[in-house]
Each structure stands twice: as structure tokens, then as C-alpha cells.
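K.L.:
A structural model of the following input is requested.
(one chain, ligands or ions: 1)
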Amino acid sequence: MTLDKLTKEFKKHFPDDEVGAQVIAKAFVFAKNAHKNQKRASGENYFVHLFETAFKLASWQLDYQSISAGLLHDTIEDCGVSVQEVKDKFGEEISFLVEGVTKLGNIKYKEEEQSIESLRKMILAISKDLRVIFIKLADRLHNMKTLNHIPIQKQKRIALETAEIYAPIAYRLGMQNIAGELEDLAFPYIYPEKHRWLIGSVKESYDERMKYLKKVEPIVLTNLKKAGIVPVSLDYRAKRLYSLYKKLLRYDLNLENIYDLIALRIIVKNVEECYLALGVIHQTWPPLPGRIKDYIALPKPNGYQSLHTTVFCVDDKPTEFQIRTDEMHEQAENGSAAHWFYESKKGKDDYNQGKISAVDSKETIWTKQLKEWQNQFPGSKEFIEALKIDFFSDRIFVLTPEGKVVDLPVGSTPVDFAYYIHSNIGDSCAGAKINNKIAPLDTPLQSGDIVDILTQKNKRASENWLNFVKTHYAKRKIKYSIKKSTSTTKKTEYKIACKSRIGLIKDITTIISRNHFPVIKMETFLNDKYPFIRLVIGAENKEKAENLMLKIKKVEGVKEIGYKLID
Ligand code: MN
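P.N.:
Predicted coordinates for the structure are as follows:
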């Protein structure tokens, strides 16, 4: 847990980046101080968590900004450090990352949430930068490893959130290793009994399989060598427990039917050798029909590339082989993080020469990355769609104070939000808090904002809102509310024939106001041959209108009076 260890890991991939190493050192000290008196639920110093998060990021070959943000990621939430302070001390880019992670922390997963998919998308939309997600994944990985220390009720929620939200995101970003690890960490908390059963029944099978594969290994090596192939490495890939469990559900829980419980993984130098090695395996043992998968020619949507085959191996036992290059292996393990690393190295010179600003580089790299994926995997619609839909199109995701996700068009305001929640809340909306600060009702909301609507009884929709609301739904509801409120107060028009007299108008208006009717319009024609007054007041019904008429009739100088109800 020393700075040395962290710097060393960083320098493995960025040997000349002294500036980066200095920033990491500064963040290290800052975070250590900020969390000085805090403990984790495990009793450990809180800083352990930040160190582990940052170290993981360094091992994914991420840049110093990500590693520093990893160290600082809980300072705003847990230590009351302001965004401004992080910005002043570490600059725009790092504070952007820290703030992004803080925003993600506000999202609360609820089991009954109908749209897990929109939650996943929202996380991508809020993040705006893949590095925010990497930091969140590193953070979650450490939290999952220490989950046994927190209260049981919370354990299950966090484990579910991990398996349902974060593992699929990691998978989608091509980080299958992380996805699998997150799932396996969550598994015992979600299905404790099934987990125990599987561990028990799989143990023996695993041991047996390993012993068996040890017999297979020398045969593979010899035959590859005959074909002129010396593998970069050859190892065993044990199927992850949670994915094994999911597979078993499809195979009647019968372990006998799972051929890839442990697979032999052959890493070779290049693509040609991959196909060559596949040929060697098929010459040695006959393949099972329908189990040869060429993910090199047709990569999985998340970018995974490899050749898979199952053969009737030694003693006719079905056995899976995976063959790929070093580069494909790296991509399979760390996915986008590895990708990001190459990108950021490529873009670094431009960045240093001031050709692109920090914000530009963030946006262009994210955009470029999506475009690149699109070119690389033209058939992988699902993946690209999932990443881009809400990011590039016109939706934002905001949260209720309870952490419920609300999905609105870009430019939506607190009034749109209020009507989305309920039309009564919309109608009685008197003010709004955005991220705990009072904000004007026409403020455009941003993804990740927490919106709290302040209501007032008997308040009505305001016509002015129509000038800024974005959603058709809110518009319709506002119009409806206005119409309703005006149509219930009927107006009455009086025509009063009178003698012109000083004080006449005052006497009439006094009567009206004593009876609490609002005057809407008053016109006097006192210089006409037959002087008269036209008066429109807000009297709701015939009875009240007539009652008032009788009172006005008694005023001195009033000769005749008639009325009609108008809209
Ligand atoms: Mn954390």
C-alpha cells in the first residue's frame, strides 16, 4: 500500500511520464489526508480502498488522470471536499472524472426496476467518458471483495446491482475477465445455497479435469512443434462459477454435459498460427460437429476474438480448446481498458502540443472509439446501439431523490420532470432543487442530476411554463390545467344604464369588491345620450350573478341593469 508500489505499476506502461507520476503522488497524499480518520466497515483504514482501486486502474494500463481520480473518487462523497477544490488542485480533467464517479454513486439499483437496460444505458450516458466507468468498475471490484463486512440487507442489493448492472457493462466493454470476476464475487450473496452446492459438486470435477488435461498437454505441445508452432503460452481456463451455474441451468444441472468446465488455452504469435494450430488439434482428435467457433473472422459484439473447438480428446472425452493471439488475449482480458491505453498513447502528442483541449480529447476519444468499434465490428449492431443510443441521441437521465431513473429528452426542465412523475406534482410545482440547490424552473437538466420538486397546495400550472418545457406530455398537461382553472370561473357581463353622477362608479366598485368578485373589465360610456357602463366580473354562476345585480340595482343613479354569463 505504498506510493512506490503504485508508481511502479504506472511506470510499467508509462516509463517516461514523470509529470503523471507526480500528479499520482499528489493525489495519493491528498486522499490519504482526506480520509485520515475514516475506517472501512472491515475496520481497515479507508485509504486501503482507494489504493486498491487506483492500483487496479494502473494494472489496466490506464493513464495518470484515471489513477489519480481513482485515488480521489470518494473524497467528494465521503469527506466533504468540494468539486472546486479538486478542480483547483488537480485540474479540470481529473475533477471531471471524480465528479462522474460521484454521480454514478447516486444511482440506486432496485430489484423492481423494470428497465435494467435503461439503467445500464444511463450509467454510460452519465459517465460521458469511458474512464469514469473503468474507475467505477475498479471501485466496485474492491467493494465486492470486502462485501462480507457490511450489513446483510445491503449485501444482497449491492451484489444484485453488481451482477445485473456492472458485470454486463464490463462484458459489453469487452472486459470479460472483470465481468466474470464481478459475477463470481456476487454469486454467493445472491444465491448462497446454490453457490455452496456448486462449489461442493464442482470441486471434484475440477480436480479430475485438471489431472486429465495434464495428460493432454504434452501431446498438444509435441504436435504443435511438428507443425512448427511454439506457443507463447499454454494454460487452463476454468469456467467461472457463475457462468457455469447459468449454463448448468440450461443443461439440467448435469455437470457431465459441460465440456468447457476447464478449457485448454493456446496463445500463439499471429492469426495464421491460430488457424494452423486449429488444424493440428483437428488432425490429432476429431472435432465435435457444431462446436467450432471462429470468433476471429466473426468477433463477438464486445470485440472478443478467439477460435474455439471441442474435440473427442484422450479417452474420447469431449474437451474444449481456445486458440488466440497475445493481442486478442489482452483484449479479452481487459477489453476497452486495453483499447483506451493504445488510444491515449497515440493521442498523447497531440494533447501535449496543445492541439486538443482536455475536454475535446475526452469527447473525441470516446466518439472515435465508438466509430472505430463500428468499423471494426460492422455486424455488431446490438453493442454499438447499446453504447450510443442515449449518448448521441437526445435523451438525458435524471434521478428522483430516491434514486429512481427518469428518462427525458435533452433540454428538459424541472417542470417536464415534475409532470413525468405525476400531473398533480406538475400542476402544484412551485420550485425545484437540482443536486440539492434551488434552481429556476426553466433550468435545462443534465444527465445524473438529482431533481427534487417543491410543491405548493392549490397552485396551478403557469402559462409561462409553455415557453420552456420540452416534452409534449408536459405541454399538454399544462394547457389542460390552465383550461380547467379558467373554465371553472365563469365570467358575467353586466350592462348598466344609468345617470351620470359623481361617485357612481366608486359606489358600484365598492359593492363588487365587498362581495369578493374580481373585476375583469370595466368600460364607461357616461357621455353618451343614454349613458351606460359595461362591466365584466368573475362571478361563477347564475345565482351569484343575479344576487350582485340586485345589489347594484339599488345604487343611486342606476336605472336599468341586465346581465349574461360569458366564457
Ligand atoms: Mn469507493
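
K.L.:
so what touches stretch 88-99?
P.N.:
Outside stretch 88-99, the residues within contact range by C-beta atoms under 8 Å, 6 or more residues apart in numbering are 23, 26-27, 30, 65-66, 68-69, 72-73, 75-76, 83, 86-87, 129, 131-132, 135, 358-359, 362. Where you see a C-beta, it was placed from the backbone N, CA and C, and this is true even at glycine.

K.L.:
and it, what's its mean pLDDT?
P.N.:
The pLDDT scores in stretch 88-99 average 93.

K.L.:
for PyMOL, what selects the buried ones among the contacts of stretch 88-99?
P.N.:
In PyMOL, selecting the buried portion of the contacts of stretch 88-99, with burial taken from 16 or more other C-beta atoms under 10 Å, looks like this:
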select buried, resi 23+27+30+65+66+68+69+72+73+75+76+86+87+129+131+132+135+362
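
K.L.:
which of the contacts of stretch 88-99 fall within helices?
P.N.:
Those of the contacts of stretch 88-99 mapping onto helices are 23, 26-27, 30, 65-66, 68-69, 72, 75-76, 83, 86-87, 131-132, 135, 358-359, 362, per DSSP state H.

K.L.:
roughly how far apart are residue 37 and residue 535?
P.N.:
74 Å (C-beta to C-beta, to the nearest Å).

K.L.:
same question for residue 424.
P.N.:
Distance, residue 424 to residue 535, using C-beta to C-beta: 36 Å.

K.L.:
list the helices and strands the strand or helix carrying residue 534 packs on?
P.N.:
Assigning secondary structure by DSSP states H and E places residue 534 in strand 532-537. Judged by 3 or more C-beta pairs under 8 Å, 6 or more residues apart in numbering; DSSP states H and E, strand 532-537 is in contact with strand 491-498, helix 504-514, strand 519-525.

K.L.:
can you pull the buried residues of it?
P.N.:
Those would be 532-533, 535-537, for strand 532-537 by 16+ other C-beta under 10 Å.

K.L.:
try stretch 253-261
P.N.:
258-261.

K.L.:
what's the closest of the residues you listed to residue 283?
P.N.:
residue 259 (19.7 Å; C-beta to C-beta).

K.L.:
which pLDDT value goes with the closest residue to the ion within the chain?
P.N.:
Of all residues in the chain, residue 139 sits closest to the ion, at 4.2 Å by C-beta to the ion. At residue 139, the pLDDT value in this model is 96.

K.L.:
for the closest residue in space to it that isn't next to it in sequence, what is the enclosing helix or strand?
P.N.:
Excluding the flanking residues, the one nearest residue 139 by C-beta to C-beta, 6 or more residues apart in numbering is residue 53, at 5.0 Å. Residue 53 belongs to helix 47-59 when assigned by DSSP H and E.

K.L.:
for the residue nearest in space to the middle of the chain, which three-state class applies?
P.N.:
The centroid of the chain falls nearest to residue 123 when counting by C-alpha atoms, centre = their mean (1.3 Å). At residue 123, secondary structure determined by DSSP: H, G, I helix; E, B strand; the rest coil is helix.

K.L.:
list the contacts of residue 277.
P.N.:
So residue 277 contacts 224, 227, 229, 231, 266, 268, 307, 323 (C-beta under 8 Å, 6+ apart).

K.L.:
can you tell me the helix or strand for the residue nearest to it when sequence neighbours are not counted?
P.N.:
Take residue 277 and drop its neighbours on the chain: the residue closest to it by C-beta to C-beta, 6+ apart is residue 323, 5.0 Å away. Assessed by DSSP H and E, residue 323 sits inside strand 318-325.

K.L.:
what pairs with that strand, and is each one parallel or antiparallel?
P.N.:
Using DSSP bridges, strand 318-325 pairs in its sheet with strand 262-268 (parallel), strand 307-312 (antiparallel).

K.L.:
what does that strand rub up against?
P.N.:
Contacts of strand 318-325 (C-beta under 8 Å, 6+ apart): 212-213, 216, 237, 259-260, 263-271, 273-274, 277-278, 281, 285, 288, 291, 296, 305-313, 332.

K.L.:
what do you get if the cut-off is 6 Å, keeping everything else the same?
P.N.:
259-260, 263-266, 270, 274, 277-278, 281, 288, 306-310, 313 (C-beta atoms under 6 Å, 6 or more residues apart in numbering).

K.L.:
now that strand, how far from the chain's geometric center?
P.N.:
35 Å (C-alpha atoms, centre = their mean, to the nearest Å).

K.L.:
quick check: mean pLDDT of that strand?
P.N.:
Mean predicted lDDT for strand 318-325 stands at 93.
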